[in-house]
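Student: Below are the sequence and a predicted model for it; my questions follow.
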Amino acid sequence: MNFFHPETLIFWTTLFFLLFFFLFLKFAWKPILKTINEREKSIEDALAEADKAKKEMAQLKADNQKILNEARAERDQMLKEAKELKNQIVNKAKEEAQVEAGKEIEKAKALIQSEKQAAVKDLKNQVSAFSLDIAKKVLKDELKDPQTQMKHIETLVSDIKLN
Amino acid sequence: MTNNIFKFLLLSVLFINVGIISAQHDAHGETTSHNEATVEKNEEAGHDEKFNPSDLINHHLSDSHDYKFDIPFFETTFYLPVILWTDNGLTVFSSSAFKGDEHGEVVVTKNGQKFVRIHDIIAYADKVPEHAKPEEITLSQRPLDFSITKNVLSMFFTFLIILILLMYVRKAYNKKGVPKGIAGFLEPLIVFIRDDVAKENIGPKYQKFVPFLLTVFFFILFSNLFGLIPFSPFGYNLTGNIVVTFVLAVIVFIITNVNGNKSYWKHILWPPGVPVILKPFIALIEVLSMFTKPFALMIRLFANIFAGHTIILTFITLIFVFKNWGVPFASGFATIFMYISELLVAFLQAYVFTLLSAIYFGMAVKEEAH
């Protein structure tokens, strides 16, 4: 080990150290540290992003479930309502049909009644016409004797049965 | 993986053996390129010339104006430029002018002045006495030496390799910032320094210190690791050189005190929670501790790396000291053990230096917490 001329190495070490320090700084440390920092930041960001995405995913899943449940409930509700409506409509239809039928029946009854009355009236008229004819004929024969006449008429009249 | 590391270490030990041997033959000025022949010659030389392990270790850990490449089979010496600030101004010439001489025998005349080299120190030939020991040469007897020495060149290449690696790291990121290849290995270190060293110890104002801490960490780490690779252009001793660690510690000292806030200076100059009569004494200790902290940084790193290299070299030189067939096995195992622990120390010391720097910065910028 000789350091009998230390100025040699003091001079060159200082020079080289400073020279290469600035070369390293410019060409190595700054770009390398920048790259490392950027990468670390991007990794951190990516992790945070992933976390966020995870949370969003969970949120979305929960939302989906909620929507699904709501949809189910709504469907059930709708089905229920539809059933009710159907029942209602059917019942209403039934009722209406009944009412209608009742009305028809009433009408028919009334018609029948009136027809019947008309028929009866007609019958009465005919009967009275027949009676008159008969009476005329009988009278022609019988009315020779007024007594018999009367008796006969009474008999006839009493025979008539109105329904 | 561990198997590969083990193989690598074994190979490393082999290489360092060879490296030492070649260093040895360089020291003796023998010229052979074949290693076995060198070993024989060394042994022969051992009979008439005493083998001096401390010289060898010193030589290995020292700086040099000649760069001896000790890759086996490709041993060459690169002569590096000598840059001197002399009485006559700047003088530049190749270290080949000394022709490998380290004992002041070859006199080089340049720029109207005569220079000799004595154990890596270049001095004025007419001012130093003959056969002067290196520690006796004063600053007046020699010019200021700003040469590109082996350590200077090694440091430059270390920084350059780190720069290239980091450029790769930068390019290895794709658009999404995912690290590929080498970035996958270096990024954890960068993030570790940023989060566990800087952010943890400095507090919210850590950002501006991160580039410095990263630079210091990677420089120390790579210097330590390259210093362990036992062949050229590695196997140098940068962080085990107290001058280098001194400069690093001074930079830490300057950054700490430049960034010191009111609370930091108050704690040093007028320590709170102390009786008034004691305050000057505590302040004295605090001022002293301003200097002892970076001093400890300097010594810790230097001593750890220097000791590691010395111990490994010592184990290997044992072989040449004892010249017994059993010793290589024992010292080989000891060397492998040391290598593994040095690998740990390389990381540990880089971490400790960075961590303590961060703690000192933290003391300087932290707001009063009570």
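Tutor: Cool, the structure landed.
Student: List the residue ranges of the chain that fall below the pLDDT cut-off.
Tutor: Using chain A here. A:1-2, A:138-139, A:141-144, A:162-163 (pLDDT under 70).
Student: um, chain B though
Tutor: In chain B, residues with pLDDT under 70: B:1-49, B:368-370.
Student: center of it, which residue is that?
Tutor: B:L238 (1.4 Å; Cα atoms, centre = their mean).
Student: Shouldn't that residue be within a helix?
Tutor: No. Assessed by DSSP: H, G, I helix; E, B strand; the rest coil, B:L238 does not belong to a helix; its assignment is coil.
Student: what residues are up against it?
Tutor: By Cβ atoms under 8 Å, 6 or more residues apart in numbering or on different chains, B:L238 lies in contact with B:N151, B:S154, B:M155, B:T158, B:S223, B:F226, B:G227, B:V244. All C-beta atoms are positioned from the backbone trio N, CA, C, and that covers glycine.
Student: Just give the nearest non-adjacent residue to it, would you?
Tutor: Leaving aside its sequence neighbours, B:L238 sits nearest to B:S223 (Cβ to Cβ, 6 or more residues apart in numbering or on different chains; 4.3 Å).
Student: Please, which helix or strand holds the one you found?
Tutor: helix B:210-228 (DSSP states H and E).
Student: And A:I36, by the same measure?
Tutor: helix A:30-142.
Student: and what of B:I305?
Tutor: Assigned by DSSP H and E, B:I305 belongs to helix B:279-322.
Student: what's the answer for B:V128, then?
Tutor: Per DSSP H and E, there is no helix or strand for B:V128.
Student: residues contacting B:Y124?
Tutor: B:T86, B:Q113, B:K114, B:F115, B:V116, B:Q141, B:R142, B:P143.
Student: Tell me if I'm right that B:A132 and B:I118 touch.
Tutor: Yes. The pair B:A132 / B:I118 is scored as a contact, 6.1 Å apart, by Cβ atoms under 8 Å.
Student: Test my guess that B:I229 contacts B:Y236.
Tutor: No. Counting by Cβ under 8 Å, B:I229 does not reach B:Y236; the two are 9.3 Å apart.
Student: Of those two, which one has the most company?
Tutor: B:Y236 (25 against 15; other Cβ atoms under 10 Å in any protein chain shown).
Student: B:P72 in helix, strand or coil?
Tutor: Classified using three-state DSSP, B:P72 is coil.
Student: how near is it to chain A?
Tutor: Separation of B:P72 from chain A (Cβ to the nearest Cβ, to the nearest Å) stands at 25 Å.
Student: returning to that earlier point: compare B:A132 and B:I118 (neighbour count), which wins?
Tutor: Counted by other Cβ under 10 Å, B:A132 and B:I118 do not tie: B:I118 has more neighbours, with 22 against 18.
Student: Now the nearest residue to that one once chain neighbours are set aside. Its backbone dihedrals?
Tutor: Distances taken as Cβ to Cβ, 6+ apart place B:G104 nearest to B:I118, at 4.5 Å, with adjacent residues excluded. With angles defined as degrees, to the nearest 10, B:G104 sits at phi 70, psi 20.
Student: So B:G104 is in contact with B:K133, correct?
Tutor: No. Between B:G104 and B:K133 there is no contact under Cβ under 8 Å: 10.5 Å.
Student: Near chain A, which residues of the stretch 51-200 of chain B? Just list them.
Tutor: Selection of the stretch 51-200 of chain B residues close to chain A by Cβ under 8 Å from any Cβ of the partner chain yields B:58, B:61-63, B:119-122, B:134-135, B:137, B:142, B:144-149, B:151-152, B:155-156, B:159, B:162-163, B:166-167, B:169-170, B:173, B:176-178, B:187, B:190-191, B:194.
Student: which ones among the residues you listed are found in strands?
Tutor: B:I121, B:I122, B:L144, B:D145 (DSSP state E).
Student: what does chain A have sitting close to chain B?
Tutor: A:1-14, A:16-17, A:19-21, A:23-25, A:27-33, A:35-36, A:38-39, A:42.
Student: can you do 7 Å?
Tutor: Residues of chain A lying near chain B by Cβ under 7 Å from any Cβ of the partner chain: A:1-14, A:16-17, A:20-21, A:23-25, A:27-29, A:31-33, A:35-36, A:38-39.
Student: Residue 112: neighbour count?
Tutor: Just going to use chain A. Around A:I112 there are 11 residues (other Cβ under 10 Å).
Student: oops, I was thinking of chain B
Tutor: Residues lying near B:G112 (other Cβ under 10 Å) number 9.
Student: surely it meets B:N88?
Tutor: Yes. In terms of Cβ atoms under 7 Å, B:G112 counts as a neighbour of B:N88; the distance is 5.8 Å.
Student: quick one on the thing from earlier: please flag which of the residues of the stretch 51-200 of chain B next to chain A sit within helices.
Tutor: Using DSSP state H, the members of those that fall within helices are B:58, B:61, B:151-152, B:155-156, B:159, B:162-163, B:166-167, B:169-170, B:187, B:190-191.
Student: from the residues you listed, which would you call buried?
Tutor: Buried members of those, counted by 16 or more other Cβ atoms under 10 Å in any protein chain shown: B:61, B:151-152, B:155-156, B:159, B:162-163, B:166-167, B:169-170, B:187, B:190.
Student: Okay, A:E49 and A:L23: tell me how far apart.
Tutor: Distance of A:E49 to A:L23, computed by Cβ to Cβ, to the nearest Å: 38 Å.
Student: likewise B:F315?
Tutor: Distance, B:F315 to A:L23, using Cβ to Cβ: 39 Å.
Student: Neighbour count: those two, which is higher?
Tutor: Set side by side, B:F315 and A:L23 show more neighbours around B:F315, with 23 against 18, by other Cβ under 10 Å.
Student: so what's the more buried one up against?
Tutor: B:S331, B:A334, B:T335, B:M338 (Cβ atoms under 7 Å, 6 or more residues apart in numbering or on different chains).
Student: Check whether the last one really touches B:I312, as I assumed.
Tutor: Looking back up the chat, that one is B:M338. Yes. B:M338 lies in contact with B:I312 (Cβ under 7 Å); the separation is 5.0 Å.
Student: between the two, who's got more neighbours?
Tutor: Each of B:M338 and B:I312 has its neighbours counted (other Cβ under 10 Å); B:I312 has more, 26 against 22.
Student: Using the three-state scheme, assign A:F24.
Tutor: Going by three-state DSSP, the state assigned to A:F24 is helix.
Student: That one and B:L165 touch, don't they?
Tutor: No. With contact taken as Cβ under 7 Å, A:F24 and B:L165 are classed as non-touching, separated by 10.6 Å.
Student: Those two: which is more packed in?
Tutor: Each of A:F24 and B:L165 has its neighbours counted (other Cβ under 10 Å); A:F24 has more, 23 against 17.
Student: Could you tell me which residues make contact with the more buried one?
Tutor: B:L163, B:L166, B:P211, B:T215.
Student: Spatially, which two of those residues are the most separated?
Tutor: B:L163 and B:P211 (13.5 Å; Cβ to Cβ).
Student: From B:K114, how far off is the residue nearest to the centre of chain B?
Tutor: From B:L238 to B:K114 the distance is 32 Å (Cβ to Cβ).
Student: Can you say which helix or strand has B:P204 in it?
Tutor: Using DSSP H and E, B:P204 falls outside every helix and strand.
Student: Give the buried residues for stretch B:107-127.
Tutor: Quick answer for stretch B:107-127 (16+ other Cβ under 10 Å): B:108, B:113, B:115-125.
Student: of these, closest to A:A82?
Tutor: For the buried residues of stretch B:107-127, the nearest to A:A82 is B:D120 (109.9 Å; Cβ to Cβ).
Student: any idea how far B:F78 is from that closest one?
Tutor: Look at B:D120 and B:F78: by Cβ to Cβ, they are 15 Å apart.
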